[in-house]
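>>> my questions concern the predicted model and sequence given below.
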Amino acid sequence: MKIVAIIQARMGSTRLPGKILMPLLDIPMLVQVVERVRRSKLLNEIVLATTTDPKDDPVESLCRQRDIACYRGSEYDVLDRYYQAAIQHKATIVVRITADCPLIDPVVIDQVIEQLIDHRETCVYASNVIPIRTFPRGLDTEVFTFQSLQSAWEQASQTAQREHVTPFIWSQPDRFPQRNFCHNSDCSNHRWTVDTPEDFAFVREVYRYFGSNQFTWTEVLAGTQIHPEWELINSGISQKPIDELTGKSASQAISLRDVIEDDAWILWNWANDPVSRSVSFSPDPIPWEVHFAWFRRKLICSGSHMFIGERETGEKVGLVRFDCENERAVISVNVAPEARGKGVGARLIRIGSDRILADNPEIEAVFAYIKPDNDASVKAFAKAGYVPDGTEQLSGTEALRMIYTREGAK
């Protein structure tokens, strides 16, 4: 049995570019993560899995300098990156860690590993996050057999399954028996991962306080009680799922975040899905160059607002976009192919529409334009509170016009 930790890392973060090489006590954050993972007593090897994009050349260079094994693979198909790295390093058990967790704890890593190896006759996946998170966000550890990883690599077809590595496994507990390692008290409200400058500022305070990376997660927890001002630094970045339309459980809830440049590829795939093209007023496939040029213009346009809908698991379920001018906004929505038929469209429409009205008091109404034969969209908009408002010619085709007003939002 060979237990290999694969730490995924890349430079391409729009919210905090190059974060993995930012210094903590004059040492790159990535190195601090690796050093903390190295203190695990059960790991046989650690591999850094980055991408083949030239901007990740400094990551490979750092690995050579620090004697860290490095594998370079697909930027977006992270499942393939893990699979190929596991093959190259002959892993029989894989431990998944992300490089934006500089407070990762080696004892917790070993405890999750033990969940799998102590129950290996009946368990192929263990984590401290699925289905229940009790540890702070930033101590996330997933452990799974190579066979389950191979099954996911061979059969996972959804974008989210390829991008987030393990959803194909943990979403099928009957097929892939699982263990969930929980702490004896719920500490999941603490945010210790690094996605934003505020997150990094919090982690920097922790490292400065201890003066090294030789601390445990419980010592950090005690430190936050002595210094409650630490967690005020990134308190506004807390990931709390919201489902304002249906109030469903967290696993089904959808929250919105601003679109970032890294989303260009997945939005292009959604836009070119056959169903999306068939209901569009411009049904021809969209070349990447055309899409990316449009996407960049929308990102910098003050009148354009684009949001990605996400579940707490990180699964991206769709795009909702608003083009605003004077007192009106026009909405466009595109549900991810794998999320269709589950009521996601109506929730995206309602949550997005309420948000655009709340953030832009000058807007009096939001308009939707729908092809007359697109029954699914008409029903989704109606469920979200839109009402018919006549017809209009759009791109030479008659469109149904529906409207959502501040009265409808009440």
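Yes, it's here. Residues are numbered from 1 along each chain as shown.
>>> okay, strands next: where are they in the stretch 151-300 of the chain?
Using DSSP state E, counting those that start in this stretch, the strands found in the stretch 151-300 of the chain span residues 178-180, 255-258.
>>> sheet partners, orientation included, of the last one?
The pairing partners recorded for strand 255-258 under DSSP bridges are strand 304-310 (antiparallel).
>>> which positions within the strand it pairs with qualify as buried?
His305, Met306, Phe307, Ile308, Gly309, Glu310 (16 or more other C-beta atoms under 10 Å). Heads up, the C-betas are built off the backbone N, CA and C, glycines and all.
>>> what's the closest of those residues to Gln111?
The shortest approach to Gln111 among the buried residues of strand 304-310 belongs to Glu310, at 28.3 Å (C-beta to C-beta).
>>> isn't the closest one right up against Arg257?
Yes. With contact defined as C-beta atoms under 8 Å, Glu310 reaches Arg257; the gap is 6.3 Å.
>>> enumerate every residue touching the residue nearest in space to the middle of the chain.
Nearest residue to the geometric centre of the chain (C-alpha atoms, centre = their mean): Gly314, 3.7 Å. Applying C-beta atoms under 8 Å, 6 or more residues apart in numbering, we find Gly314 in contact with Ala160, His164.
>>> which SS class is it?
coil (DSSP: H, G, I helix; E, B strand; the rest coil).
>>> name the helices or strands packed onto the longest helix along the chain?
Identified as the longest helix of the chain according to DSSP state H is helix 344-359. With contacts defined as 3 or more C-beta pairs under 8 Å, 6 or more residues apart in numbering; DSSP states H and E, helix 344-359 has these neighbours: strand 255-258, strand 304-310, strand 316-325, strand 328-335, strand 365-370, helix 375-383, helix 406-409.
>>> is it possible to get TSV of these that adds distance to Gln65?
Putting the helices and strands packed on helix 344-359 into TSV (distance: least, C-beta to C-beta, whole Å) gives the following:
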stretch	distance to Gln65
strand 255-258	35
strand 304-310	36
strand 316-325	35
strand 328-335	44
strand 365-370	53
helix 375-383	53
helix 406-409	56
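>>> between those, which gets nearest to Gln172?
If you check each of the helices and strands packed on helix 344-359 against Gln172 by C-beta to C-beta, strand 316-325 wins as the nearest, at 18.7 Å.
>>> what angle sits between that closest one and strand 304-310?
Using axes from the mean of the first three to the mean of the last three C-alpha atoms, to 10 degrees, the direction of strand 316-325 lies 160 degrees away from that of strand 304-310.
>>> what residues of strand 316-325 count as buried?
Judged by neighbour count using 16+ other C-beta under 10 Å, the buried positions of strand 316-325 are Lys316, Val317, Gly318, Leu319, Val320, Arg321, Phe322, Asp323, Cys324.
>>> that one vs strand 365-370, what angle?
Using the same axes, to 10 degrees: strand 316-325 against strand 365-370 is 120 degrees.
>>> just for the stretch 1-150 of the chain, where's the confidence low?
14 (pLDDT under 70).
>>> again, 90 this time
12-17, 76, 130-133 (pLDDT under 90).
>>> ranges for the strands of it?
Using DSSP E, counting those that start in this stretch, strands in the stretch 1-150 of the chain cover 3-8, 23-24, 27-28, 45-51, 69-73, 93-98, 125-127, 142-145.
>>> which of the ones you listed is buried the deepest?
strand 125-127 (a mean of 25; mean count of other C-beta atoms under 10 Å).
>>> quick check: the closest residue to Ile130 other than its chain neighbours vs Ile46, distance?
In this structure, Ile130 finds its nearest non-sequential neighbour in Trp170, 4.6 Å apart by C-beta to C-beta, 6 or more residues apart in numbering. Plainly put, Trp170 is 23 Å away from Ile46 if you go by C-beta to C-beta, to the nearest Å.
>>> cool, and Pro287?
41 Å.
>>> could you report the neighbour count for Leu62?
For Leu62, the tally of surrounding residues (other C-beta atoms under 10 Å) stands at 20.
>>> pretty sure it contacts Leu21?
Yes. In this structure, Leu62 is within contact of Leu21 by C-beta under 8 Å, at 7.0 Å.
>>> now render the buried residues of strand 316-325 as a markdown table, adding distance to Val37 and pLDDT.
Output for the buried residues of strand 316-325, formatted as a markdown table (distance: C-beta to C-beta, whole Å; pLDDT from 0 to 100):
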| residue | distance to Val37 | pLDDT |
| --- | --- | --- |
| Lys316 | 28 | 90 |
| Val317 | 32 | 91 |
| Gly318 | 35 | 94 |
| Leu319 | 35 | 95 |
| Val320 | 38 | 95 |
| Arg321 | 40 | 95 |
| Phe322 | 42 | 95 |
| Asp323 | 46 | 94 |
| Cys324 | 46 | 93 |
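>>> turn those into JSON lines, columns for distance to His190.
Output for those, formatted as JSON lines (distance: C-beta to C-beta, whole Å):
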{"residue": "Lys316", "distance to His190": "25"}
{"residue": "Val317", "distance to His190": "26"}
{"residue": "Gly318", "distance to His190": "29"}
{"residue": "Leu319", "distance to His190": "31"}
{"residue": "Val320", "distance to His190": "30"}
{"residue": "Arg321", "distance to His190": "34"}
{"residue": "Phe322", "distance to His190": "34"}
{"residue": "Asp323", "distance to His190": "39"}
{"residue": "Cys324", "distance to His190": "37"}
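>>> between those, which sits nearest Gly343?
Among the buried residues of strand 316-325, Val317 lies closest to Gly343 (C-beta to C-beta), at 10.4 Å.
>>> please name the nearest non-neighbouring residue to that closest one.
Val317's closest residue in space is Ala339 (C-beta to C-beta, 6+ apart), at 4.1 Å.
>>> enumerate every residue touching Ala376.
Ala376 neighbours (C-beta under 8 Å, 6+ apart): Gly345.
>>> now it: how far from Ala9?
40 Å.
>>> next one: Val94
Val94 is 16 Å from Ala9, by C-beta to C-beta.
>>> would you mind confirming that Tyr386 makes contact with Met402?
Yes. In this structure, Tyr386 is within contact of Met402 by C-beta under 8 Å, at 4.1 Å.
>>> what pLDDT does Ser249 get?
Ser249 is assigned 38 on the pLDDT scale.
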